[in-house]
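J.: mind looking at a prediction? Sequence and model below.
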Amino acid sequence: MRKLHHFHGGVHPPSNKAQSTRTAIAHAPLPPRLVVPLHQHAGEAAKPIVQAGDRVLKGQLLGMPDGFVSSAVHAPTSGTISAIDMQLVAHPSGLPNLCATLIPDGREEWIAREPVDYREHSSADLQHLLRMAGVVGLGGAGFPSDIKLRIGKQKITTLILNGAECEPYISCDDMLMRERAGEIVQGAEILRYMLDADEVLIGVEDNKPEAIAALQQAISASGSTLQQNKRHEVVTIPTIYPGGGAKQLIRVITGLEVPSGKLPTDIGVQCFNVATACTVYRALAHGEPLLSRVITITGNVRRAQNFEALIGTPITELVALAGMLPDTSGYIMGGPMMGFPLPALDVPMVKATNCIIAASGKLFPPPPPPMPCIRCTRCVDACPADLQPQDLYWFAQSREFGRAQKFSLFDCIECGACSYVCPSHIPLVQYFRFAKSEIRAREHDKQLADQARVRHEFHEQRIEREKREKAEKLAIREKAAQSAKLAGIQSLTPQQQAAQTELEAGRAHIIELAKSEVEHVKE
Amino acid sequence: MLSALLVMAAIATVLGAVLGFAAIKFHSEGNPLADKIDAVLPQTQCGQCSYPGCKPYAAAIAAGEADINRCPPGGEEGIQKLADLLGVEFKPFGSDTAAPKPKSVALVDESMCIGCTLCIQACPVDAIVGAAKQMHTIIAAECTGCELCVAPCPVDCISMPVIGEKISNWKWKYPLYAFTAAEAAEATR
Amino acid sequence: MTEYLLILISAVFVNNIVMVKILGLCPFMGVSKNLEAAIGMGAATTFVLTLASGSSYLINHYLLGPQLSYLTTLSFIVVIAGIVQFTEMVVQKTSPVLHQVLGIYLPLITTNCAVLGIPLLNVQAKHNFMESIFFGMGGALGFSMVMVLFAAMRERLEGADVPVIFKGSAIAMVTAGLMSLSFMGFSGLIK
């Protein structure tokens, strides 16, 4: 039995997953239109390479990755691009973003897919293939997976697959592990090969016994294709929120703590979601870019279940499939702890959308008004990142951002455990999000100001240099004129010299008269 | 009487010697206060403080000639930062400087530009690209919104649109929650 | 040995110069907005007070004697002014940032009534050299401790929802008064 460790804090909200795990993953039918945002991942948005009116095939590149941290975007099905314009997207701000609207033609015509055998390629080549296949983390953050597969100086000993799915209501990873455990294990082996890790540990919470059994079966079934001396193991971890956070999962399984400001690779560990592993397998072994994902539709709907849906499917379609109910008060994207309310239902599903919860007055009663902090420190007891939420709240609400940073505000993973336990119902995570975005905006302003200072100093130097150069040129020209004059005079005959001197005297006399005239006028 | 004078004189002499020795041994250069103030200013180089740029304004504050409430682009927060740095009281904006406005970036109306280069010479951070009789354009990423280019333009083709809110610069708002049911109903109405 | 310990504890807690004797309030209120500045000021005052009590005892005992005792205040002030000037030069050399932060309060240590008060109290209590040093050091340690505590409280007060009329120095005064009340709890510590 593997020895497990603990992380500080954590809470036990009711899991509410049974509603959506009763049926298998259903296949969502083609919607009448698909809206594919070009910015579905962390980093720079993809650059569109198609125009309105183009006909595209399933899996065709719609957006090229732009910059180091970026990923590609593909057409989820064959059809015609009707527009590349600003559309409402699933973002807490309710602001629009650049999207490609695709009208499917129903034929589902694929591009020419090119499967590769990962064993015949270097890790760098495979990283490029994954970048062009649009593979990003499907756990919620959407970080491009190819960046996470870059190896630095530190040797990676352990690859951890995150099958914890600790947040209530969400069950997409659970169903994926039950039905496609084989693909997940194959994907895990590819990731292990690329990272050159010694072992693969798949962490699953103990409230998912079917998933654990399916994964264990898949591991023993694929014994021949996995490398003999590299261990694949399913690790059952206790159910606690947020046990699925990357740093928390690493702590529980390996006992290692990722230091503040550092990455898991700095201590020899890397962590991927199980759905990402599955996508990596399909991208390399089948040549299929990331075009669809499993999404949970649950809450106040007639039939809560999981769907395999295409990226860009409007969420109205999926909720209609699950059976919309009239007394729904709103929709939450994500889980009840870390999710945000959708600005409208007619937004497209993206790579990071793992769950839509239909809220109602009964399921999510309006929270009581927040009362002053009584410093009971229940939040400190619950924080999985060993922070002091009551102090961070104090500094955030009084806008003392410097002190908030000193108290490690940016180590907060915004899990919501502190808000969950607060007896005064203070929405702590909202304060932390506010403080973090203000600090980021201020740092951005400071960067711009420093740039402007440098440019201004160069501007001043340039003006100085131009003045100096002009003065030097003038001096040289005057000197040349003087020497020419001297040379000119010496080449004249005495009569011509006398005539010249007379001319000069006349000129001087006129100038004198003019000066006195001017002075006379001035008076 | 004499002994008292002698004693005081002796004490004074000894102390004077010690201090003189210390002044030489612990001599330190002048403090770069102006640089520290300049690091806090927003570097818009707009001249609204009535000094030709942020560095001269910083030097004036360090010399005690200028007040700390003369910089509109820095806003009230900038004044607070200067007050904290210098250890003086916060002072709100007076009536002799403009009020702070939202950040804007210059925009040249290319259909009207005549290529006179007057705006290029006016820009303190060289954010305008162009040449004589060629089209002029603003590098939006470098523009500080100082508005010094607007006045010299003979055809008035430069406007200052405010930077709008996009997803890339959107910030979470300060959490405000209704305290009573009545306020909540008012908010959702 | 025990007398020195008693003097130390008495100077730090029972007869704290700021909280019980109500001396040295100017830097106490002025520099306590920021914790780092408070620590710096406490360190500077400790340095000045220890040197001042030692040297003022020596001057009073050996130089002035019983005949010139009327010169006590004058000579103490001169010595303190010199020591403070010396301290300012040292601080400016070693930590220009601290010098910037303390600002005008560093030369104002000269006019700090605690820094003159402790040597005068030493004269009044007829302490010998070691006792003077310990009393001065203890007084200064008590001053530093209270400065740090008060600065910590004022930093937290900055984020509090204080009514507008009380913001700033007013609420700080109220807090200092409550702190002073709490220090009365030490009054029976040394019988």
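T.: Okay, I see it.
J.: got the contact list for the residue of chain A found nearest chain C?
T.: Residue nearest to chain C within chain A: A:Ser398 (3.2 Å; C-beta to the nearest C-beta). Glycine gets a C-beta too; all of them are placed from N, C-alpha and C. Counting by C-beta atoms under 8 Å, 6 or more residues apart in numbering or on different chains, A:Ser398 touches C:158-160.
J.: now with 10 Å?
T.: By C-beta atoms under 10 Å, 6 or more residues apart in numbering or on different chains, the contact list for A:Ser398 reads A:404, C:156-161.
J.: now the residues you listed in JSON lines, with neighbour count?
T.: JSON lines is the format used below for the contacts of A:Ser398 (neighbours: other C-beta atoms under 10 Å in any protein chain shown):
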{"residue": "A:Ala404", "neighbour count": "25"}
{"residue": "C:Arg156", "neighbour count": "13"}
{"residue": "C:Leu157", "neighbour count": "18"}
{"residue": "C:Glu158", "neighbour count": "16"}
{"residue": "C:Gly159", "neighbour count": "17"}
{"residue": "C:Ala160", "neighbour count": "12"}
{"residue": "C:Asp161", "neighbour count": "7"}
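J.: if we check chain B, which of those are in contact?
T.: Cross-checking the contacts of A:Ser398 against chain B (C-beta under 10 Å from any C-beta of the partner chain) gives no overlapping residues.
J.: residues in contact with stretch C:60-68: which ones?
T.: The set of residues that contact stretch C:60-68 without belonging to it, under C-beta under 10 Å, 6+ apart, is B:3-4, B:6-8, B:10-11, C:56, C:58-59, C:69-72, C:74-76, C:119-120, C:122-123, C:128-129, C:132.
J.: stretch B:101-108: which residues count as buried?
T.: B:103-106, B:108 (16 or more other C-beta atoms under 10 Å in any protein chain shown).
J.: I should have written stretch B:120-137 there, sorry.
T.: Of the residues in stretch B:120-137, those buried under the neighbour-count criterion (16+ other C-beta under 10 Å) are B:120, B:122-125, B:127-128, B:130, B:136.
J.: just to check, A:Gly323 is in contact with A:Gly299?
T.: No. A:Gly323 is not in contact with A:Gly299 according to C-beta atoms under 10 Å; the separation is 11.4 Å.
J.: more crowded one of those two?
T.: Neighbours were counted for A:Gly323 and for A:Gly299 using other C-beta atoms under 10 Å in any protein chain shown; A:Gly299 has more, 26 against 14.
J.: phi, psi for the more buried one please.
T.: The phi/psi pair for A:Gly299 (degrees, to the nearest 10) reads phi 100, psi -140.
J.: isn't it up against A:Met333?
T.: No. Under the criterion of C-beta under 10 Å, A:Gly299 makes no contact with A:Met333, lying 11.6 Å away.
J.: what's the overlap in contacts for the two?
T.: With contacts taken as C-beta under 10 Å, 6+ apart, the residues that reach both A:Gly299 and A:Met333 are A:355-357.
J.: for chain C, what helix or strand is lowest in average pLDDT?
T.: Across the helices and strands of chain C, mean pLDDT, DSSP states H and E gives its lowest value to helix C:96-102, namely a mean of 78.
J.: report the buried residues of that one.
T.: Across helix C:96-102, burial judged by 16+ other C-beta under 10 Å covers C:98-102.
J.: straight-line length of stretch A:248-263, end to end?
T.: Between the opening and closing residues of stretch A:248-263 there is a gap of 13 Å (C-alpha to C-alpha, to the nearest Å).
J.: low-scoring pLDDT stretches of chain C, where are they?
T.: Low-confidence segments of chain C, defined by pLDDT under 70, are located at C:191.
J.: try 80 this time
T.: By pLDDT under 80, the low-scoring segments of chain C are C:96-98, C:100-101, C:103, C:190-191.
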